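A.B. asks: What follows is a protein structure lacking sequence information:
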């Protein structure tokens with residue numbers, strides 16, 4: 001990834017209870033682990049996709065929205 005530009009956020013999404021070795025490896029490399037618990041009958045992939053989209057939107061627009069709030073005077 002570094003050859004494509006600067007890495008700003010490192011996140012991995014999963015139900016980490018099933019991946020002890022991977023969890024340790026990623027933590028050692030400063031990757032933030034985002035827990036996506038598995039529910040009976042629920043789609044794990046869909047849950048992870050939704051969480052990634054929400055996080056991406058917060059990263060893309062969150063700082064801008066916080067900066068814009070400074071202009072609001074009630």
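C.D. replies: Yep, it's here. Please read these numbers as outputs of a predicted model, since none were measured by experiment.
A.B. asks: going forward, measure contacts between C-alpha atoms and count neighbours the same way
C.D. replies: OK.
A.B. asks: residues in contact with stretch 13-33?
C.D. replies: With contact meaning Cα atoms under 8 Å, 6 or more residues apart in numbering, stretch 13-33 is reached by 10, 11, 12, 34, 35, 36, 37, 38, 48, 52.
A.B. asks: tell me which residues form a beta bridge with residue 34?
C.D. replies: residue 13 (DSSP bridges).
A.B. asks: can you tell me which residues contact it?
C.D. replies: If you count contacts by Cα under 8 Å, 6+ apart, residue 34 has them with 11, 12, 13, 14.
A.B. asks: Among the residues you listed, the buried ones, what's the PyMOL command?
C.D. replies: Selecting the buried subset of the contacts of residue 34 in PyMOL, with 16 or more other Cα atoms under 10 Å as the burial test, is done by:
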select buried, resi 12+13+14
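A.B. asks: got TSV for the contacts of residue 34, with pLDDT and distance to residue 29 too?
C.D. replies: Listed next are those as TSV, based on pLDDT from 0 to 100; distance: Cα to Cα, whole Å:
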residue	pLDDT	distance to residue 29
11	94	11
12	95	11
13	93	15
14	91	16
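A.B. asks: Among the contacts of residue 34, find me the one that's closest to residue 62.
C.D. replies: Using Cα to Cα, residue 11 comes nearest to residue 62 of those, at 16.9 Å.
A.B. asks: Roughly how far does the nearest residue to that closest one once chain neighbours are set aside sit from residue 12?
C.D. replies: Spatial nearest neighbour of residue 11, chain neighbours left out: residue 32 (4.6 Å); criterion: Cα to Cα, 6 or more residues apart in numbering. Per Cα to Cα, to the nearest Å, residue 32 is found 6 Å from residue 12.
A.B. asks: do the same with residue 25
C.D. replies: Taken as Cα to Cα, the span from residue 25 to residue 12 is 11 Å.
A.B. asks: same check, this time on residue 56
C.D. replies: According to Cα to Cα, residue 56 and residue 12 sit 13 Å apart.
A.B. asks: Let me see the contact set for the residue nearest in space to the middle of the chain.
C.D. replies: Central residue of the chain (Cα atoms, centre = their mean): residue 11, 4.8 Å from the mean position. Contacts for residue 11 (Cα under 8 Å, 6+ apart) come out as 31, 32, 33, 34.
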